[in-house]
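[1] Give me coordinates for this.
(chains A and B)
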Amino acid sequence: MIENLVTGFAAAFTLTNLLFIAAGILLGIVIGALPGLGSVTALAVLIPMTYYMSPVSAIAFLVGINKGGTSGGAVPAILLNSPGTPEAAATALDGNPMARRGEPVRAMKFALYSSVTGDTISDILLIVLVVPFAAIALQFGPLEYTAVLLFAFALLSGISGDNPLKALVAIFAGIFLSTIGLDPIDSSPRMTFGNINLYDGLPLTALAIGSLALASVVEQLFDMRRDGVDSGYVNQGANENRALPVREFLTYWKTILRSSMIGSLVGMLPGLGVTLAAFLSYGQARRASKKPDSFGTGNPEGIIATEAANSAVVGSNLVPTIALGIPGNIAAALLIGAFIIHGIVPGPFMLTMHGDVIYALFASMIMANFIHLGLGRMGISVWGHVARLPKWAVLPPVLTLCIAGVYLPGQSGFDVAVMLVFAVVGLAMRRTGFPVVCLVIGFLLGGMFETSLRQSVLLYSSTPGVVLGSPIAIGFFGLAVFILGRAVVRK
Amino acid sequence: MVAGGLLAAMALGCILWLVPLQVSEGTSAGDLPPSLIPYLSAGVVFLLAIGLVLQTLLRDTGEALPVPPGSVLSDLLLASAVTGVILLAFSKLGFLALAIPLTAGAMLFAGGRNRLVIAAVSIVFPLLVWLGARSIFGVYLP
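    Here you go, the predicted model:
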């Protein structure tokens, strides 16, 4: 492994790659800090730009965006008490009171240092664990894959949104949409209406950008028209205490370590999101604290707990992505789309077939953490100004960017049409409480689910008793039933 | 309840019309029909949608929609109409002729009133995107 990693560093340590990582982090922080946008929007909008890059640079660029975007989201949460993303809501609980107390820069430094530390710990865990996980996954047959996918769907429906039924509807609607195009086994057309553009299925990038990024922007435009915009910006005072020595930060090492582990574990489970990690970690830090009442009043531990945990998800959610081809969350789902664009099929064979790219990616992730720390630290007083830009001026240009971004790779008006249709679908889902994330993940995993289910039925239809001989499949089926049952009963 | 009813109707439409009409029933030797997963997924959506309707009828789930139902409908109608206009304008007029009024219109719609900012952003940003696509990626946006 060390040898592979050294080779990965050699491949990734190029000026071009470092510049792409830096550009990704910078864009991630800026877009994450911009009101109304977040790392998922940034990833969705910028994936098409990577068509023209080498696989290593492209994935490193996107990982940079994801890392930067996750920490950038803390800026509006701290300064405006207006978290752009759900996971940053936990950061606002203590970040904004600390800023209002006159320490906005210290609060942002706590957020940045925790974010980078959590990210680094998670990356190390990814590098150490991905090989054994992939080795286990290689033993999986179609039955085990079907069970793991059902488990992921159950987990996703149990935690996404307020109603597990709605989440399941979205997942199965995504699976249904994934069947449009040529049948994966006998190549007969399905629901194509004779349109040649549909033979390859609906384009993932257009569907994801439309339903995630564009729908979110359109929804906010409608909300702003209805409710107006409130800004509670905290100015950075000239005489405030801005210093945060590393020694002081490290006095919170227990919280840093615990939160990074919580974030990493949540990230490794398919379907669980960053928001859950942030709130779980915040609650755990509060329970473990000697002064739990100080949480919510500007306690740095509150910021550390949420930022270390939500950034730790970024690295570890690549464990199921690389080992099984199943995304840990929506950002990983978008990364899978990027892997596929560059001819890399995620799954247990990824390490043997594209080991050079994967280890270069790991090396890029480690280097990205140092670049993230440097850029984040240098720009700390700039991000506040970015967060202060009015939403009405920031969101409309994203519409233009989405249209150009989707058109660029295939130069296809059909892709733009698909994106616009799914923007309306995404808006309808958001307005009626159906989680869009579930639709996209269902669509992404639909093909894998279909293949593994059909293969399982073919293999075991004559001898169904064989199913009982697979403890892994039985375990995952049991867990799926338990999670679903629990979620439905509790609701 | 309306969303559940609509979904159930759409899923039923897929099961009774779309899949039988657009998916081959023929099976190659030793395989299952290509219509299996479309039927299965549409069937599950239908059952769950019925479940949603029953859930709303039988008990209060405590869920609250982000906006009133009337606004949901008006927002969707407006968004669909704008989508149609964008598609038409993109194919007939081209990117710049669409992007500049779209950006300016969206800014005004969202409550922006600073004319200078609206004019600058709505002209400069689409122009930069158009030039970027041409010079960096070598793609001429229509």
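[2] low pLDDT regions in the stretch 1-150 of chain A?
    The stretch 1-150 of chain A contains residues with pLDDT under 70 at A:35-36, A:82-86.
[3] what does it put close to chain B?
    Those residues of the stretch 1-150 of chain A that sit near chain B, judged by CB under 8 Å from any CB of the partner chain, are A:49, A:52. Placement of C-beta: from N, CA and C, glycine included.
[4] Closest residue of the stretch 1-150 of chain A to chain B?
    Nearest residue of the stretch 1-150 of chain A to chain B: A:Tyr52, at 5.9 Å (CB to the nearest CB).
[5] Without its sequence neighbours, what residue ends up closest to that residue?
    Once flanking residues are discounted, A:Tyr52 sits nearest to B:Phe137: 5.9 Å by CB to CB, 6 or more residues apart in numbering or on different chains.
[6] again with B:Val19
    Among residues not flanking B:Val19 along the chain, B:Pro38 sits closest, at 4.7 Å (CB to CB, 6+ apart).
[7] Hmm, B:Ile123 and A:Pro397 touching each other?
    No: between A:Pro397 and B:Ile123 there is no contact under CB atoms under 8 Å: 11.2 Å.
[8] More neighbours: the two, which one.
    Ranked by neighbour count (other CB atoms under 10 Å in any protein chain shown), A:Pro397 and B:Ile123 place A:Pro397 first, with 22 against 15.
[9] returning to that earlier point: so the residue nearest to A:Tyr52, which state does it fall into?
    Assigned state for B:Phe137: coil (three-state reduction, DSSP: H, G, I helix; E, B strand; the rest coil).
[10] circling back to that earlier point, mind checking how far the residue of the stretch 1-150 of chain A closest to chain B is from B:Cys14?
    Applying CB to CB, to the nearest Å, the value for A:Tyr52 to B:Cys14 is 38 Å.
[11] the more surrounded of the two?
    Each of A:Tyr52 and B:Cys14 has its neighbours counted (other CB under 10 Å); B:Cys14 has more, 22 against 14.
[12] which ones are touching the spatially closest residue to that one that is not a sequence neighbour?
    Sequence neighbours aside, B:Ala42 is the residue nearest to B:Cys14 in space, at 4.2 Å (criterion: CB to CB, 6+ apart). Applying CB atoms under 8 Å, 6 or more residues apart in numbering or on different chains, we find B:Ala42 in contact with A:176, B:11, B:14-15, B:19.
[13] Now B:Gly4: closest residue in space that isn't a chain neighbour?
    Excluding the flanking residues, the one nearest B:Gly4 by CB to CB, 6+ apart is B:Leu52, at 3.5 Å.
[14] before we move on, the earlier item: could you point out which element follows the one helix or strand the residue nearest to B:Val19 maps to?
    Counting by DSSP states H and E, the element that carries B:Pro38 is helix B:36-58. For helix B:36-58, the succeeding helix or strand toward the C-terminus, using DSSP H and E, is helix B:69-92.
[15] Would you mind pulling up the elements that the next helix or strand after that following helix packs against?
    For helix B:69-92, the following helix or strand on the C-terminal side (DSSP H and E) is helix B:95-109. Applying 3 or more CB pairs under 8 Å, 6 or more residues apart in numbering or on different chains; DSSP states H and E, we find helix B:95-109 packed against helix A:215-227, helix A:391-410, helix B:69-92, helix B:115-135.
[16] circling back: quick one, phi psi at the residue nearest to A:Tyr52?
    phi -100, psi -10 (degrees, to the nearest 10).
[17] do the same with A:Gly38
    According to degrees, to the nearest 10, A:Gly38 has phi -150, psi -180.
[18] next one: phi and psi at A:Phe140?
    As for A:Phe140, its main-chain torsions (degrees, to the nearest 10) stand at phi -70, psi 140.
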